[in-house]
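Q: Mind folding the following:
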Amino acid sequence: MRLQFLGSGDAFGSGGRFNTCVLVETAASTFLVDCGASSMIAMRRFGVDPNRIGTVFISHLHGDHFGGVPFLILDAQFYSRRTAPLTLVGPPGFRERLTQAMEVLFPGSSTVERKFKTEIREISADQSTAINGVTVTPYLVKHVCGAPPFALRFTCDDRVLAYTGDTEWTESLLAVGRGADLLIAEALFFERRVKYHLDYATLKASLARIGAKRVILTHMGPEMLAHIGAVPEETADDGTVVDI
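A: The predicted structure follows:
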């Protein structure tokens, strides 16, 4: 399994970073974990062909995590000339919110005829689902976004990839990351605690209980970026490639 962080930033591009987007390539599938508003720009920057992506998994319905999906769909139609099916996976409410986003950004775009099949699937917390060669298990976390927010656990290529999404500390993160080959974890702040987001100090206190084999921090705001050199864990950057 190979990952590339196409976007490792927070909602506001702190440090000049793109919004959250992780490209994952396995023997069976190539997929995205989140697709923030700047993700098409990131794909162009790093030479990623959008037609390689078969599935997009969305953790929660904030623009910096799913706002790039309308652009991905329209690029597939007009520029990349996609013919292969595209599967979009998200929490309950994803279908309606995506339609709303497309109509706000590009009126009429949600109903126009396409030359490729677009499948939208909504998944439920604590239920494992096999989708295009990847088994995903969502866990409910604490983040206000108008729909259930998820942390996601993926199994493929005999590897486990865990992702916290955006959330304040919740015990469900233990199940998400337990024994994972890689845990991608939000660290918006270094030690300042705020509702609905993880800070590094709080996460650090529970890493031993989570027991992931490897941890990479992402979604970092200005305070966390100023302390990158003070933490022993790996930190993501736009373009970072990881093999697990």
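
Q: Could you find the residue nearest the spatial middle of this structure?
A: Central residue of the chain (CA atoms, centre = their mean): residue 34, 2.8 Å from the mean position.

Q: Would you confirm that it contacts residue 23?
A: No. Contact criterion CB atoms under 8 Å: residue 34 and residue 23 do not qualify, at 10.5 Å. For glycine as for every other residue, the C-beta is placed from the backbone atoms N, C-alpha and C.

Q: Please export the C-alpha coordinates of whichever strand or helix holds the residue nearest to the centre of the chain as PDB.
A: Here residue 34 is covered by strand 30-35, with elements defined by DSSP states H and E. What follows is strand 30-35, C-alpha atoms only, in PDB (Å, rounded to 0.1, in the frame of the first residue of the first chain):
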ATOM      1  CA  THR A  30      -6.800   3.400  -6.000                       C
ATOM      2  CA  PHE A  31      -8.800   5.700  -3.800                       C
ATOM      3  CA  LEU A  32      -8.900   9.000  -2.100                       C
ATOM      4  CA  VAL A  33      -9.400   9.600   1.600                       C
ATOM      5  CA  ASP A  34     -11.200  12.900   1.700                       C
ATOM      6  CA  CYS A  35     -11.200  15.400  -1.200                       C
END
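
Q: after that strand, next one along is what?
A: The C-terminal neighbour of strand 30-35 among helices and strands, as given by DSSP H and E, is helix 39-45.

Q: Summarise which helices and strands that next one is packed against.
A: When contacts are defined as 3 or more CB pairs under 8 Å, 6 or more residues apart in numbering; DSSP states H and E, helix 39-45 packs onto strand 2-7, helix 69-78.

Q: could those go into TSV alongside distance to residue 60?
A: Output for the helices and strands packed on helix 39-45, formatted as TSV (distance: least, CB to CB, whole Å):
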stretch	distance to residue 60
strand 2-7	15
helix 69-78	13
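
Q: Which one of the ones you listed lies nearest to residue 208?
A: Among the helices and strands packed on helix 39-45, strand 2-7 comes nearest to residue 208, with 23.6 Å by CB to CB.

Q: Buried residues, that closest one. List them.
A: Of all the residues in strand 2-7, those buried under the rule 16 or more other CB atoms under 10 Å are 3-7.

Q: next one: stretch 165-181
A: Neighbour count says stretch 165-181 has 165-170, 172-173, 176-177, 180-181 buried, by 16+ other CB under 10 Å.

Q: Rebuild these as CSV, extending it with distance to residue 49.
A: Formatted as CSV, the buried residues of stretch 165-181 follow (distance: CB to CB, whole Å):
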residue, distance to residue 49
165, 26
166, 28
167, 32
168, 37
169, 38
170, 37
172, 35
173, 33
176, 30
177, 31
180, 28
181, 26
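
Q: Return the two entries of those residues that lie farthest from one another.
A: The most widely separated members of the buried residues of stretch 165-181 are 168 and 181, with 25.0 Å between them, by CB to CB.

Q: ok, back up a step: nearest to residue 131, of the buried residues of strand 2-7?
A: Nearest to residue 131 among the buried residues of strand 2-7: residue 3, at 17.8 Å, using CB to CB.

Q: Quick check: chain neighbours aside, which residue is closest to the closest one?
A: residue 242 (4.5 Å; CB to CB, 6 or more residues apart in numbering).

Q: my read: that neighbour touches residue 23, true?
A: No. Residue 242 lies out of contact with residue 23 (CB under 8 Å); the separation is 10.5 Å.

Q: Name the residues contacting each of the two.
A: Taking CB atoms under 8 Å, 6 or more residues apart in numbering as the criterion, residue 242 and residue 23 both touch 3-4.
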